[in-house]
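Asker: how would this look folded up:
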Amino acid sequence: MTASIDDDSNTPDEPNAAAAAPPEESQPAPDQPGRWAALPRRLRMAIVAVGAAAIVLALVKIVVEVRDRSDPVDTAAIVKQFDEAEGGSDGNAETELASGAFVYNAKGTEYVDLLGGPLHEFPPEVVTTTTGNDCGGSTVRLKLFEQRDDELVLCATEEGDLSLQSFTTRHEFVGVKDETITTCPEATVWPAGLFQLDTRPKATVKCTASGDMVGTVPAVLTSEVLGHESVTVDGTKVDTQRLRISTVVGTKGTTTYGTYDNDFWVTEEGVVVRRTLDANVSAKTPAGQVGFKESYDLFLQELPA
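Answerer: As a prediction, this is how the structure comes out:
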């Protein structure tokens with residue numbers, strides 16, 4: 001049987017003219033501009049500015065995250081160091097406070113609206129050391145972070161009251177340190193016989209505040225006895241006298257103005273079992289107008305033995 005072969009099988013296919021022809025390139029109209037060039041000049045400039053601002057903000061955020069620190073304090077080490085060097089003793093809530101290293105349960109934050117506005121949340125434990133000083137009163141140092149502390153220097157007057165010699169606050173944001181010192185002439189801020197008082201009219205003294213953020217501005221300090229209140233310490237209620245020391249820094253309506261409200265709950269033995277702060281300050285700095293807010297509430301963990 002002979003195989004049948006189509007004659008077309010040996011004939012090469014003719015090329016398809018349409019398939020073989022190279023595709024026609026799309027050519028823009030001679031005078032057709034690109035989309036970017038077609039935008040109005042002002043709009044292009046605005047887009048560039050927004051993009052640059054976004055890059056700057058991203059870089060600022062990186063700088064803040066890298067440089068900003070809020071390291072917790074080793075409270076146990078500070079207590080041990082104090083006990084080995086100083087030891088504690090009772091005060092009388094009149095001419096001096098009880099000396100010692102006291103650990104507090106803490107809640108609170110501090111915030112500054114500069115360089116992205118870092119917010120620091122205080123650790124659950126902070127420590128205060130209280131010592132007698134050369135002016136017959138007490139020096140109280142509060143350590144909230146390694147980068148954040150306060151120092152309150154109280155001196156005895158001839159009448160047996162305590163006068164505020166100085167109050168120093170130290171902060172650090174994004175590696176930038178700030179220290180403000182408020183100094184006052186002799187005036188009663190911690191009255192004699194504090195624990196026995198029911199209430200007492202406000203006492204006011206004109207002071208001066210100086211610091212990196214606020215410059216040098218007037219400050220007005222007011223002391224007020226608010227009366228007896230119970231505070232629970234480690235499950236036990238203790239009777240305390242509540243004292244408020246408020247400071248107004250600068251002048252309202254100017255570029256530097258702020259308020260600090262410090263409350264102290266003090267036992268008959270001169271132990272501060274609770275302490276609070278509410279601060280709100282705005283000041284003109286080389287970086288512009290800067291706002292700062294801080295609040296905390298500290299409760300003593302246990303009464304001294």
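Asker: Helices along the stretch 101-250 of the chain, start to end?
Answerer: With DSSP state H, counting those that start in this stretch as the criterion, the stretch 101-250 of the chain has no helices.
Asker: ranges for the strands of it?
Answerer: Counting by DSSP state E, counting those that start in this stretch, the stretch 101-250 of the chain has strands at residues 119-121, 125-132, 138-145, 148-156, 162-173, 176-183, 188-190, 200-211, 215-233, 236-250.
Asker: wait, which of those is closest to S99?
Answerer: S99 sits nearest to strand 125-132 of all the strands of the stretch 101-250 of the chain, at 5.1 Å, using C-beta to C-beta. The way it works is simple: take the backbone N, C-alpha and C, and place the C-beta from them, glycine included.
Asker: Skipping its backbone neighbours, what lies nearest the residue nearest the centre of the chain in space?
Answerer: For the chain, the residue nearest the mean C-alpha position is E110 (2.3 Å; C-alpha atoms, centre = their mean). Nearest residue to E110 in three dimensions, chain neighbours excluded: E294, at 4.1 Å (C-beta to C-beta, 6 or more residues apart in numbering).
Asker: Buried residues of the host helix or strand of the one you found, list them for me.
Answerer: Per DSSP states H and E: E294 is located in strand 288-300. Within strand 288-300, the residues scored as buried using 16 or more other C-beta atoms under 10 Å are V290, F292, K293, E294, S295, Y296, D297, L298, F299, L300.
Asker: Run through who's touching it.
Answerer: 102-114, 122, 126, 128, 144, 171, 213, 231, 233, 255, 258, 271-284 (C-beta atoms under 8 Å, 6 or more residues apart in numbering).
Asker: What mean pLDDT does it get?
Answerer: What strand 288-300 shows for mean pLDDT is 91.
Asker: so what strands line up beside that strand?
Answerer: Applying DSSP bridges, strand 288-300 is found paired with strand 100-112 (antiparallel), strand 272-285 (antiparallel).
Asker: Give me the distance between the two termini of stretch 172-192.
Answerer: Start and end residues of stretch 172-192 are separated by 36 Å (C-alpha to C-alpha, to the nearest Å).
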